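**Q** sharing a model prediction with you, sequence too.
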Amino acid sequence: MSLVPASLETEFFSWADSVLSQPIPASTVAFHFNLYEGLDSVHVQLIGADAFAPGEDPSKHYWPGPETFSTGEDIFEVPQAMAGPDWRAWLDTLKSMINAYIARGKMSKVLRNSKGVGVGFVDGDMHLLWQRDAAA
């Protein structure tokens, strides 16, 4: 069971539905949720990439290719008080919300039709959350 407040998850789903309803360039093959630390919140930005290169341990390290799409300044903010006491908790909170969206979000098919979806702080490790089956 997720520890993310239902209201926060609902707001995140709404934001993701909105940004994934925009036209996505055909060259986009994967998505990455960039995380940034704000003054009192964790900022979430979604980018699309034209390449997808999982590392040897894709659950922990991969790197998205060049950007094809970005939500730019249209970011989602998670109050640090709701995200947790430190960056590790913030990452876990966002992983939980994004995984829930991939499983149940209205526009999640856009993500699941890509080669993969990741998350990470822009200056840190990238974490692969979802990868299309190689046989698909």
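**A** Ah, there it is. This structure is a prediction, so every number in the text was calculated from the model and none was measured. Numbers count the residues shown, from 1 in each chain.

**Q** residue 73 - that's part of a strand, no?
**A** No. Residue 73 sits outside any strand when classified using DSSP: H, G, I helix; E, B strand; the rest coil, being coil.

**Q** where's the closest residue to residue 72 other than its chain neighbours relative to residue 113, distance?
**A** Counting by C-beta to C-beta, 6 or more residues apart in numbering, residue 72 lies nearest to residue 45, which is 7.5 Å off, once chain neighbours are set aside. Yep, even glycine has a C-beta here, placed from its N, CA and C like the rest. According to C-beta to C-beta, to the nearest Å, residue 45 and residue 113 sit 20 Å apart.

**Q** and the two? Which one has more around it.
**A** Higher neighbour count among residue 45 and residue 113: residue 45, with 18 against 12, using other C-beta atoms under 10 Å.

**Q** so where does that one fall, helix or strand?
**A** Assigned by DSSP states H and E, residue 45 falls within strand 41-49.

**Q** hmm, who's touching that strand?
**A** Residues outside strand 41-49 that contact it (C-beta atoms under 8 Å, 6 or more residues apart in numbering) are 12, 15-16, 19-20, 24-25, 28-37, 64-72, 74-80, 83, 90, 93-94, 114.

**Q** I'd say residue 117 and residue 28 touch.
**A** No. With contact defined as C-beta atoms under 8 Å, residue 117 does not reach residue 28; the gap is 11.6 Å.

**Q** neighbour count winner among those two?
**A** Neighbour count, other C-beta under 10 Å: between residue 117 and residue 28, residue 117 has more, with 25 against 20.

**Q** quick revisit: grab the CA positions of the strand holding residue 45 and hand them over as CSV.
**A** Extracted C-alpha coordinates of strand 41-49, given in CSV (Å, rounded to 0.1, in the frame of the first residue of the first chain):
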residue,chain,number,x,y,z
SER,A,41,9.1,21.1,-2.6
VAL,A,42,10.4,18.5,-5.0
HIS,A,43,9.9,19.5,-8.6
VAL,A,44,8.9,17.0,-11.3
GLN,A,45,9.4,17.5,-15.0
LEU,A,46,8.7,15.0,-17.7
ILE,A,47,10.9,14.6,-20.7
GLY,A,48,10.8,12.4,-23.8
ALA,A,49,14.0,11.0,-25.3
